[in-house]
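Visitor: quick check, what structure comes out for this input:
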Amino acid sequence: MSLPTNQIILAPLQGYTDAVFRDVYFRHFTGVDQAMAPFISTLSQKKINLSTLKDVIPENNVNCPNLIPQILGNIAEDFISLANQLIELGYYTINLNMGCPHSKVAKKKRGSGMLPYPEMVDQLLDNVLKGLSCKISIKIRLGRYNKDEIFELLPIFEKYPLEEIILHPRTGVQMYEGEADIDSFIKVADNTSHRLVYNGDITSVRVFNNIVKQLEKVRRYGQPSHSYTPINRFMIGRGILSNPFLPSQIQAKVGQSSEDMRNIGNLKSSKSQSELLERIKLFHDELFDTYSRKFYGPLHVTGRMKGFWTYIGDSFKDYRKEIKKILKSNNREHYKAVAESFFAKLPLFKPTD
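Guide: Numbers count the residues shown, from 1 in each chain. Just a heads-up that it's a prediction; the model follows:
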């Protein structure tokens with residue numbers, strides 16, 4: 001089968017899209033071509049405990065398509081040591097996290113905290129790419145403090161054979177506030193020869209189509225338009241957690257998403273609503289059961305499931321009181337009873353248009 005025009009990557013959300021979530025998600029939904037695992041932090045030691053790598057162990061990701069592990073770190077020797085363990089597990093592409101916006105990470109000059117230091121980035125990439133046999137991609141933001149920091153980095157990136165650059169067009173200090181800066185993304189695209197992946201605020205098909213239309217302005221590093229492949233890889237995180245059908249809405253793969261497209265395309269139909277709700281409930285129930293087997297502490301299980309509702313709850317706009325009851329549950333039994341009661345009311349699933 002030929003690759004689809006647009007390829008969707010499940011974003012790495014720390015504490016949400018772990019191996020359990022990915023395995024269960026891909027049992028119930030289609031449309032995602034690749035997934036990236038939440039970052040693994042480097043440690044100042046040559047061999048990392050296997051338990052630290054459990055999220056990316058292949059047998060824990062049987063249903064996950066083309067998983068890419070991600071490393072958070074700024075010391076080349078530690079990065080190489082961890083990457084070699086991932087290579088031993090069978091991974092051929094590894095992502096370097098240069099985009100994490102959280103201050104606890106950034107103040108250590110990790111994630112987006114690296115972006116104001118071009119010389120540091122240059123030295124890290126030079127040593128890492130010399131020391132590894134795998135491909136390296138980068139996940140990045142426009143900068144830590146301002147959106148022009150990336151333009152100091154682009155000439156550095158041109159020196160290296162990066163697999164791709166995944167760009168979230170915000171600064172680190174913005175976190176997720178304000179709007180993603182599409183114009184700055186286009187400017188970056190016009191000044192790099194590397195393959196770019198768009199990441200940020202894809203919450204609906206309408207938003208996706210609007211972003212694609214705007215990205216048609218890209219000219220790519222002074223090359224004529226016929227000499228490059230248009231940007232056709234998109235990373236989605238929060239949008240998928242809010243609406244797990246979103247990837248199959250975006251790309252209608254033959255034999256995979258046509259049923260999803262037909263169902264979700266007619267949200268006013270009671271039949272479609274019942275089918276969608278049944279799929280979501282099956283997904284929810286399997287996720288709850290799997291977490292219950294994996295975690296022993298009741299707060300661990302309910303905490304994970306509350307994360308599920310933090311996002312998908314936005315697609316049940318008329319049931320905010322019921323969602324609050326779920327979020328207030330304090331043990332497994334109470335949680336299960338409240339969630340069952342919620343689904344028994346046959347709530348309307350209405351994702352963002």
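Visitor: element containing Phe349?
Guide: Assigned by DSSP states H and E, Phe349 falls within no helix or strand.
Visitor: let me see the contact set for it.
Guide: Going by Cβ atoms under 8 Å, 6 or more residues apart in numbering, Phe349 touches Leu267, Gln273, Leu276, Leu277, Ile280, Ser315, Phe316. C-betas here are computed from N, CA, C, even on glycine.
Visitor: quick check, pLDDT for the nearest residue to it once chain neighbours are set aside.
Guide: Nearest residue to Phe349 in three dimensions, chain neighbours excluded: Leu276, at 5.1 Å (Cβ to Cβ, 6 or more residues apart in numbering). Leu276 is assigned 92 on the pLDDT scale.
Visitor: for stretch 10-29, buried residues please.
Guide: 10-13, 16-26, 28-29 (16 or more other Cβ atoms under 10 Å).
Visitor: may I have it as CSV, with CA atoms only?
Guide: Output of stretch 10-29 as CSV, limited to C-alpha atoms (Å, rounded to 0.1, in the frame of the first residue of the first chain):
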residue,chain,number,x,y,z
LEU,A,10,1.1,10.5,17.9
ALA,A,11,2.9,13.1,20.1
PRO,A,12,4.7,12.2,23.3
LEU,A,13,2.8,13.5,26.3
GLN,A,14,4.6,12.7,29.5
GLY,A,15,2.3,10.9,31.9
TYR,A,16,-0.4,10.3,29.2
THR,A,17,0.7,8.5,26.1
ASP,A,18,2.7,5.7,27.7
ALA,A,19,3.0,2.1,26.4
VAL,A,20,-0.3,1.1,28.0
PHE,A,21,-2.2,4.0,26.4
ARG,A,22,-0.6,3.4,23.0
ASP,A,23,-1.3,-0.3,23.1
VAL,A,24,-5.0,0.1,24.0
TYR,A,25,-5.4,3.1,21.7
PHE,A,26,-4.2,1.3,18.6
ARG,A,27,-6.6,-1.6,19.4
HIS,A,28,-9.6,0.6,19.0
PHE,A,29,-8.6,3.5,16.6
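Visitor: now it: average pLDDT?
Guide: 95.
Visitor: what's the answer for stretch 168-184, then?
Guide: pLDDT averaged over stretch 168-184 gives 95.
Visitor: name the residues that touch it?
Guide: 99-102, 106, 111-113, 115, 139-147, 149, 185, 188, 199-201, 211, 214-215, 238.
Visitor: which of those fall within strands?
Guide: The strands, defined by DSSP state E, take in Lys139, Ile140, Arg141, Leu142, Gly143, Asn199 from the contacts of stretch 168-184.
Visitor: can you lay out those as a markdown table showing pLDDT, distance to Pro230 and neighbour count?
Guide: Output for those, formatted as a markdown table (pLDDT from 0 to 100; distance: Cβ to Cβ, whole Å; neighbours: other Cβ atoms under 10 Å):
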| residue | pLDDT | distance to Pro230 | neighbour count |
| --- | --- | --- | --- |
| Lys139 | 98 | 21 | 27 |
| Ile140 | 98 | 20 | 27 |
| Arg141 | 98 | 22 | 25 |
| Leu142 | 98 | 21 | 28 |
| Gly143 | 96 | 25 | 22 |
| Asn199 | 97 | 16 | 25 |
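Visitor: show me how far stretch 296-314 is from its chain's centre.
Guide: 18 Å (Cα atoms, centre = their mean, to the nearest Å).
Visitor: what of stretch 107-127?
Guide: On Cα atoms, centre = their mean, the centre of stretch 107-127 falls 22 Å from that of its chain.
Visitor: follow-up on the earlier one: select only the buried ones of the contacts of stretch 168-184 in PyMOL?
Guide: Per 16+ other Cβ under 10 Å, the buried members of the contacts of stretch 168-184 correspond to this PyMOL selection:
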select buried, resi 99+100+101+106+111+112+113+115+139+140+141+142+143+144+147+149+185+188+199+200+201+211+215+238
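Visitor: helices - which of the contacts of stretch 168-184 land there?
Guide: The helices, defined by DSSP state H, take in Ala106, Phe185, Val188, Ile211, Gln214, Leu215, Arg238 from those.
Visitor: distance to Phe308 added to those, as CSV?
Guide: CSV is the format used below for these (distance: Cβ to Cβ, whole Å):
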residue, distance to Phe308
Ala106, 27
Phe185, 30
Val188, 33
Ile211, 26
Gln214, 31
Leu215, 31
Arg238, 13
